[in-house]
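> Sharing a model that was predicted from the sequence below.
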Amino acid sequence: VGRWTAEENRHGIVLRDYLVVTRGVDPVALEQARMIHMTNGYSTMAVVGDKAPDFDIRTSSSAGFLFSVAYVTFQELATRVSHRNTGRVCDDPLADRMLARIAADENLHMIFYRNLCAASLDLAPDQTIEAINTIVQNFQMPGAGMPGWRRNGVLMAKHGIYDLRQHLEEVLLPVLRKWNIFERNDFGVRGERAREDLAAFLERLRGEVLRFEEQRDRSLARAAKRQHQSV
C-alpha cells in the first residue's frame with residue numbers, strides 16, 4: 001500500500017509538470033484547486049456512510065478493509081480507462097505516451113486490489129459481497145467534491161473519456177465476472193440478498209445508460225447544428 005501511494009504521487013507529479021510546462025491549464029488555478037481538494041480530503045467510508053450493511057463499519061477493522069479493497073479495485077480500473085482515453089483525445093504524442101504509461105500502472109494497482117478482494121470473497125463471502133454491493137451502488141471517483149468536478153465530469157462523459165456505458169461495461173462487469181459473483185455458490189442468506197440487490201442495480205444501470213446516451217446524442221446534435229449555422 002505504501003508503494004501504491006508513492007506511485008500515485010508520481011502520477012500526480014508528472015501530470016502536473018506536463019500541464020505547467022505546456023501551459024495546458026492556468027497553473028495558479030490548478031494549485032488553488034489542488035489545495036482545496038487536499039484540504040477537504042476524500043474518504044470511501046464517508047461515501048458509504050449509513051448505507052453500510054448491518055455490521056458496524058466504524059468498529060470493525062475487517063469491514064473497513066473490505067470496503068476499501070472493493071472500492072480501490074473499481075476506482076483503479078476506472079482511472080485506467082479514463083487516463084487512456086484522455087491520452088487519445090489530447091492530440092499530443094507526448095501526452096498520449098505519458099498517460100498510457102500511467103494507465104499501465106493503474107492496471108497493476110487494480111490487479112493487486114482485485115486479488116485481495118477475491119481472497120476476501122473466499123474467506124468471508126457474505127461480508128465481502130455486501131461491501132462490493134454497497135460500493136458499486138454508491139461509487140464515485142476520488143475527485144468528487146473538487147472545484148468544477150460536476151461540469152468536468154459532464155464534459156468527459158459527452159466526449160467519450162469516461163461515461164456511464166464505460167463505467168458499466170469496462171469497469172463494473174469485468175471485475176464482477178472475474179470474481180464469479182453471479183456463479184458462486186458459497187453465499188449465505190445475507191450474501192444472497194446482497195447479490196440479488198446488486199443484480200437489480202445493474203439492470204437499472206443498463207436502462208440509465210440508454211437514457212444517458214439518448215440525451216447525449218441530442219445534445220451533441222444541437223451543438224453541431226449551432227456550429228454549422230454560425231459558419
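Structure's in. What do you need?

> Share the number of residues neighbouring Leu202, please.
By the criterion of other CB atoms under 10 Å, Leu202 has 17 neighbours. From N, CA and C alone the C-beta is placed, and that goes for glycine too.

> quick one: contacts for it?
Contact analysis of Leu202 by CB atoms under 8 Å, 6 or more residues apart in numbering lists Val136, Leu168, Leu172, Leu173.

> Tell me how far it lies from Met156.
Look at Leu202 and Met156: by CB to CB, to the nearest Å, they are 22 Å apart.

> Same check on Trp179?
Distance from Trp179 to Met156, by CB to CB: 27 Å.

> repeat for Leu77
For Leu77 relative to Met156 (CB to CB), the value is 16 Å.

> Trp179 and Met156: who's more crowded?
More neighbours surround Trp179 than the other of Trp179 and Met156, with 21 against 17 (other CB under 10 Å).

> need the contact list for that one.
With CB under 8 Å, 6+ apart, Trp179 has these contacts: Arg114, Cys117, Ala118, Leu121, Ile132.

> Out of these, which sit inside strands?
In strands, judged by DSSP state E, none of the contacts of Trp179 are found.

> Of these, which is the most crowded?
Going by other CB under 10 Å, Ile132 tops these with 28 neighbours.

> if I pick that one, what's in contact with it?
Ala70, Cys117, Leu176, Trp179, Ile181, Ala194, Leu198.

> so where is the chain shaky, pLDDT-wise?
44-63, 231 (pLDDT under 70).

> For it, just list every one of the helices.
Applying DSSP state H to the chain gives helices spanning 2-22, 27-40, 44-48, 61-89, 93-123, 125-137, 149-158, 164-166, 173-178, 189-230.

> Give me the angle between the longest one and helix 93-123.
Between helix 189-230 and helix 93-123, the angle formed by their directions is 160 degrees, by axes from the mean of the first three to the mean of the last three CA atoms, to 10 degrees.

> so how far is helix 189-230 from its chain's centroid?
Helix 189-230 has its C-alpha centroid displaced from the chain centroid by 16 Å (CA atoms, centre = their mean, to the nearest Å).

> Sounds good, over and out.
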